[in-house]
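**Q** Predicted coordinates and the sequence they were generated for:
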Amino acid sequence: MAEASSSSGAPSGPGLGRAACLVTGASRGFGRSVARLVAARLAPGSLLLLVARSAGALGELEGELRAAYPELRVQALPADLGADEGLQRVARDAADALRRHHHHHHDGARLQRLLLVNNAGSLGDVSKAFVDLASPAEVNSYLALNVTSALCLTAALLQAFPGGPGRRRTVVNVSSLCAAQPFKSWTLYCTGKAARDMMFRVLAAEEPDVRVLSYAPGPLDTEMQEEARTRSGDPSLRQMFLHMKEKGQLLDCEVSAQKLLDLLLTDAFESGAHVDFFDL
């Protein structure tokens with residue numbers, strides 16, 4: 001893997017090579033930071049696919065990255081992954097983009113790596129206690145975005161980019177402390193995160209050539225965190241997050257995204273493992 005030259009303003013050190021990378025929830029927060037840092041590490045001729053619901057914000061990011069990295073193919077795929085139609089469209093468009101990209105290049109310039117970052121997610125209605133969640137429609141719609149879409153999109157991309165000599169495949173699940181620890185009034189969020197961690201452990205067990213990482217980015221200073229400290233039904237939880245915000249203990253997305261990138265570049269994690277920002 002060639003080192004990026006630091007003279008071009010690109011970060012020096014190892015890069016991700018010529019890769020196809022897809023980031024979900026890319027329009028804001030952690031996903032946007034990951035997309036920006038990944039773009040800086042991709043070799044020319046790489047493909048960067050950005051997925052999010054908010055087409056406007058996603059388009060802005062697409063424009064920013066295209067201007068900064070003209071040697072990459074950057075493509076926005078606006079969609080609601082919680083809806084069947086949106087999920088199927090992204091899976092199809094991403095698979096098509098991979099195949100098109102593959103055929104456009106002579107052998108020397110083929111993609112060497114697939115990197116999928118499953119970041120899209122929602123908190124759910126955290127004003128509700130467990131006993132308030134009697135509506136199957138609410139639960140199913142939560143699981144559609146937070147569990148189903150991560151599984152189906154990952155499966156579709158692994159099908160479209162099969163393994164083989166000289167091809168590396170890495171799948172990231174953006175996880176949480178909530179995958180392992182119960183938080184009052186966060187039934188849906190904790191359930192979704194626990195399910196995702198296990199789902200990706202099964203993938204790691206089944207596919208030894210796929211590198212699988214569940215990364216918990218820590219408490220990030222984002223809109224989701226604001227929702228957590230204003231809407232959580234549990235007063236002690238609201239208080240805890242309020243305190244963290246006031247004390248400046250929430251993490252900058254960029255800082256946590258950089259740790260994820262370093263982890264991917266050194267590639268030293270155990271496949272399927274849950275790694276927390278604070279473990280590093």
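**A** Perfect, I can see it now.
**Q** For the rest of this, base every contact and every neighbour count on C-alpha atoms.
**A** Noted.
**Q** which residues in the stretch 51-200 of the chain form strands?
**A** Secondary structure of the stretch 51-200 of the chain by DSSP state E, counting those that start in this stretch: the strands cover 73-78, 113-118, 168-174.
**Q** Would you convert those strands into TSV that also reports mean neighbour count, distance to residue 102 and mean pLDDT?
**A** Formatted as TSV, the strands of the stretch 51-200 of the chain follow (neighbours: other CA atoms under 10 Å; distance: least, CA to CA, whole Å; pLDDT from 0 to 100):
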stretch	mean neighbour count	distance to residue 102	mean pLDDT
strand 73-78	22	12	98
strand 113-118	23	12	98
strand 168-174	22	15	98
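**Q** Adding distance to residue 55 as columns, could you present these in a markdown table?
**A** Formatted as a markdown table, the strands of the stretch 51-200 of the chain follow (distance: least, CA to CA, whole Å):
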| stretch | distance to residue 55 |
| --- | --- |
| strand 73-78 | 5 |
| strand 113-118 | 18 |
| strand 168-174 | 22 |
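**Q** Nearest to residue 23, out of these?
**A** strand 113-118 (4.8 Å; CA to CA).
**Q** Mind giving me the packing neighbours of that closest one?
**A** Where contact means 3 or more CA pairs under 8 Å, 6 or more residues apart in numbering; DSSP states H and E, strand 113-118 is packed against strand 19-24, strand 168-174.
**Q** on that earlier part again, looking at the strands of the stretch 51-200 of the chain, which is closest to residue 35?
**A** strand 113-118 (9.2 Å).
**Q** Alpha carbons of the closest one, as PDB, please.
**A** Taking C-alpha atoms only, strand 113-118 is exported to PDB below (Å, rounded to 0.1, in the frame of the first residue of the first chain):
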ATOM      1  CA  ARG A 113     -10.800  -3.400  -0.400                       C
ATOM      2  CA  LEU A 114     -14.400  -3.000   0.700                       C
ATOM      3  CA  LEU A 115     -15.100  -0.900   3.800                       C
ATOM      4  CA  LEU A 116     -18.600  -0.600   5.100                       C
ATOM      5  CA  VAL A 117     -19.400   1.600   8.100                       C
ATOM      6  CA  ASN A 118     -22.900   0.800   9.500                       C
END
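**Q** and the spatially closest residue to residue 29 that is not a sequence neighbour, how many residues sit next to it?
**A** Nearest residue to residue 29 in three dimensions, chain neighbours excluded: residue 222, at 5.7 Å (CA to CA, 6 or more residues apart in numbering). When neighbours are counted by other CA atoms under 10 Å, residue 222 registers 16.
**Q** And for the one 5 residues further on?
**A** Using other CA under 10 Å, residue 227 has 16 other residues around it.
**Q** Which element, helix or strand, includes it?
**A** helix 223-231 (DSSP states H and E).
**Q** in that helix, what counts as buried?
**A** 225-231 (16 or more other CA atoms under 10 Å).
**Q** Relative to residue 150, which of those residues is nearest.
**A** Among the buried residues of helix 223-231, and counting by CA to CA, the member closest to residue 150 is residue 225, at 21.3 Å.
**Q** Show the contacting residues for that closest one.
**A** Shown in contact with residue 225 (CA atoms under 8 Å, 6 or more residues apart in numbering): 219, 241.
**Q** Please report phi then psi for the residue nearest to residue 29.
**A** phi -130, psi 180 (degrees, to the nearest 10).
**Q** Name all residues that make contact with it.
**A** Contact partners of residue 222, counting by CA under 8 Å, 6+ apart, are 29-30, 253.
**Q** Relative to residue 150, tell me which of the strands of the stretch 51-200 of the chain wins on proximity.
**A** strand 113-118 (6.1 Å).
**Q** Good, wrapping up.
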